[in-house]
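> output the structure for:
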Amino acid sequence: MAWLWRVDERSGDASALHASWPVVELSPEVPTVGVCTVRAPAVVLGSTQPDQVVDPVRAMAAGLAVTRRRSGGGAVLVTPDDPAWVDVWVPADHPLWRRDVSRAFDWLGDAWVDALGSVGVTGLAAHRQGYISCTRWSALVCFGGVGTGEVIADDGRKVVGLAQRRNRQGVWFHGACVLHWDPRPLVDVLALPADEREAAVEALSRAVVGVADLTAEREEAGRSGAPAMDRVAIADALINSLPSH
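Now for the predicted structure:
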């Protein structure tokens, strides 16, 4: 049986985009893709993280709002330009719905791999071996660890982060694909001692790569030409790569 994806272009502050999804609430039986554009930069905490992981004075000085999502994982920095933020809603009676929470991302991770391959970012894979803490800050920063279904480069660096929240009507997947990775703006507002902050920046710089940075690295090494890379092209590619039957 074939199905169509409803596409919802969403724009707002990070708090509002995480708080509700109006078109899904009106008709939760329709599989939906949400292409999200945040209007101002913000730090988004995972559902179980205490507010105290962020230093409010440093966040205010950096012009960053602090909000929370209702899915698990660590903190993520979102800005109007980066990452490419695409959410997916799957109704509970849909063929893509999975009862096993630990395997629910498998098909979506594969779709992200196909999407990025279609815009020239090859050599990626959806992780399949359970959660790995790539750094000792994985509980603090989302991209400091890799979970099943998330997308990694061939050297193990994380490219796409995923999270999910469920209710009786279905599952709401959050997806974030980094274009350019610099952990410092996020780490700088976390409540860490100065030496820990520098260590976190160093470790996280090695654990993650943005897809635009990855293609630039490969071009420099003579492995490929650098394709056009922006969050709109990536979102469109994901929409086209989602299963339809």
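
> what's the longest strand in this structure?
Looking across the chain with DSSP state E, the single longest strand is strand 158-167.

> lowest average confidence, helix or strand, in this protein?
Sorting the helices and strands of the chain by mean pLDDT, DSSP states H and E puts helix 211-220 at the bottom, at a mean of 86.

> now do the buried residues in it.
Neighbour counts over helix 211-220 (16 or more other Cβ atoms under 10 Å) mark 211-215, 218 as buried. Glycine gets a C-beta too; all of them are placed from N, C-alpha and C.

> circling back to that earlier point, show me which residues of the longest strand of the chain are buried.
By 16+ other Cβ under 10 Å, the buried positions in strand 158-167 come out as 158-164, 166.

> quick check: bridge partners of the residue positioned nearest the centre of the chain?
Centroid-nearest residue in the chain: A176, 2.0 Å away (criterion: Cα atoms, centre = their mean). For A176, the beta-bridge partners under DSSP bridges are W85, G161.

> may I ask you to confirm that it is in contact with D82?
No. Taking contacts as Cβ atoms under 8 Å, A176 lies outside contact range of D82: 9.1 Å.

> mean confidence score for the longest strand of the chain?
Per-residue pLDDT over strand 158-167 has a mean of 95.

> then that strand to PDB, C-alphas only?
Only the C-alpha atoms of strand 158-167 are listed here, as PDB (Å, rounded to 0.1, in the frame of the first residue of the first chain):
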ATOM      1  CA  LYS A 158      28.200  11.800  14.000                       C
ATOM      2  CA  VAL A 159      26.300  13.700  11.300                       C
ATOM      3  CA  VAL A 160      22.600  13.400  12.100                       C
ATOM      4  CA  GLY A 161      21.100  13.200  15.500                       C
ATOM      5  CA  LEU A 162      17.600  11.800  16.200                       C
ATOM      6  CA  ALA A 163      15.200  11.800  19.100                       C
ATOM      7  CA  GLN A 164      11.600  10.700  19.500                       C
ATOM      8  CA  ARG A 165       8.500  11.300  21.600                       C
ATOM      9  CA  ARG A 166       5.400   9.000  21.700                       C
ATOM     10  CA  ASN A 167       1.800   9.100  22.600                       C
END
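
> any idea where the strands of the protein begin and end?
Using DSSP E, the strands of the chain run over 6-12, 32-38, 42-45, 65-68, 76-78, 84-91, 125-126, 151-152, 158-167, 170-177.
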